[in-house]
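**Q** have a look; sequence and predicted model below, questions after that.
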Amino acid sequence: MSTPARSAQPPGRVVGVRGSVVDVRFSGELPELLEALAVGTTIRGSAQKLNLVAGLIRGKKAEEAMNILSFSKKAMAKDASKVLASAIANAENNHDLDVDALVVAEAYVGKSIVMKRFHARGRGRASRIEKPFAHLTIVVREKEEAGEAA
């Protein structure tokens, strides 16, 4: 199977679709990416409980979100705080973004594995115990302040 010549395609057009991957060619420079992300995999606890904590920080400034998580009484806030700190560090070190201008753009949760155990019960029976895990993805984005343009 031959691939089309790269120069034969007009810039900014879709040149191929393979499954769910779309190949798009751009002309000139790509826009600068002003976001960074961190993914916490296999966080012990249900996705529903972790989503309650993620909802607390969505749309907040990064510094404010860290304060909310550090003073939250929820046990999942400790793990979410680690992921947020990693996203902020990624933005600062890998993407050279301004830490003071970071906003939590996205915070979403997904299910992971479930450990299955059993609990011995009376009369020779057993009950199932499920110990769920979840994934947490936090995307921080640099946002320009409106008050700076004077």
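**A** Yes, it's here. Keep in mind that what you see is a predicted model, and the values were worked out from it rather than measured.
**Q** all contacts plus neighbour counts: C-alpha atoms, from now on.
**A** Noted.
**Q** tell me which element residue 59 is part of?
**A** Assessed by DSSP states H and E, residue 59 sits outside every helix and strand.
**Q** quick one: buried residues of stretch 92-106?
**A** 97, 99, 102, 103, 104, 105, 106 (16 or more other C-alpha atoms under 10 Å).
**Q** got a list of contacts for the top helix by length along the chain?
**A** Longest helix of the chain, by residue count under DSSP state H: helix 76-93. By C-alpha atoms under 8 Å, 6 or more residues apart in numbering, the residues outside helix 76-93 that reach it are 35-40, 43, 45, 49-50, 53-54, 62, 66, 69-70, 97-99, 102, 136-140.
**Q** out of those residues, which end up buried?
**A** Neighbour-count burial (16+ other C-alpha under 10 Å) applied to the contacts of helix 76-93 gives 35-40, 43, 45, 50, 53-54, 62, 66, 69, 97, 99, 102, 136-140.
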